[in-house]
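Chemist: Below are the sequence and a predicted model for it; my questions follow.
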Amino acid sequence: MPFSKLMGVKITAASPTEIKGEIDVRPEICTSGHIMHGGAIMAFADALGAVGAFLTLPEGAKGTTTVESKTNFLGAAPEGETVTATTTPVKTGRRLSVWQTDIRTAKGRQVALVTQTQLVL
């Protein structure tokens, strides 16, 4: 995924039941207040959800695309930290899958909780 690579997303574990990833909070993905930009948080979660959706595609499916995403921003991720995420399936089906991503700082403080729906193509 080229955009995820540009952002610096690293997948550290991937299975149909759990995807883990991390990203370094660099100045390029921060606000002027030196915290991770909300769009970067959402894109990070979207990348992990896409990996999960891909790993659970039904036989014969061509791919997946995000059709809905909701983010609860719960705390800040300061520049210089590494943020981790764990993505798990809420439901996987023939046409849709729903994924939830918990994003935290290295110190364990919750940054966001993201729920997204992926459409099977």
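Modeler: That came in fine, so what should we check first? Residues are numbered from 1 along each chain as shown.
Chemist: can I get the CA coordinates of stretch 103-121 in CSV?
Modeler: Listed in CSV are the C-alpha atoms of stretch 103-121, where the atom choice follows Å, rounded to 0.1, in the frame of the first residue of the first chain:
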residue,chain,number,x,y,z
ILE,A,103,-4.5,3.0,18.9
ARG,A,104,-2.2,3.7,21.9
THR,A,105,1.0,5.5,22.7
ALA,A,106,4.0,3.5,23.8
LYS,A,107,3.1,4.3,27.4
GLY,A,108,-0.3,2.7,26.9
ARG,A,109,-2.4,5.8,26.8
GLN,A,110,-5.3,5.4,24.4
VAL,A,111,-5.2,7.8,21.4
ALA,A,112,-8.2,6.6,19.4
LEU,A,113,-10.8,3.9,18.8
VAL,A,114,-11.7,3.4,15.2
THR,A,115,-14.5,1.3,13.7
GLN,A,116,-14.6,0.8,9.9
THR,A,117,-16.6,-1.2,7.4
GLN,A,118,-14.9,-2.8,4.4
LEU,A,119,-16.9,-3.8,1.3
VAL,A,120,-15.9,-6.9,-0.5
LEU,A,121,-15.4,-6.3,-4.2
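Chemist: So for that stretch, what gets flagged as buried?
Modeler: Across stretch 103-121, burial judged by 16 or more other C-beta atoms under 10 Å covers 103-105, 111-118, 120. Using the backbone N, CA and C atoms, a C-beta is placed for each residue, glycine as well.
Chemist: from these, which ones fall inside strands?
Modeler: 103-105, 111-118, 120 (DSSP state E).
Chemist: which among those residues gets closest to A43?
Modeler: The closest of those to A43 turns out to be V114 (C-beta to C-beta; 10.2 Å).
Chemist: what helix or strand is S4 on?
Modeler: For S4, the element it lies in under DSSP states H and E is helix 2-7.
Chemist: List the contacts of that helix.
Modeler: 23, 29, 40, 43-44, 47 (C-beta atoms under 8 Å, 6 or more residues apart in numbering).
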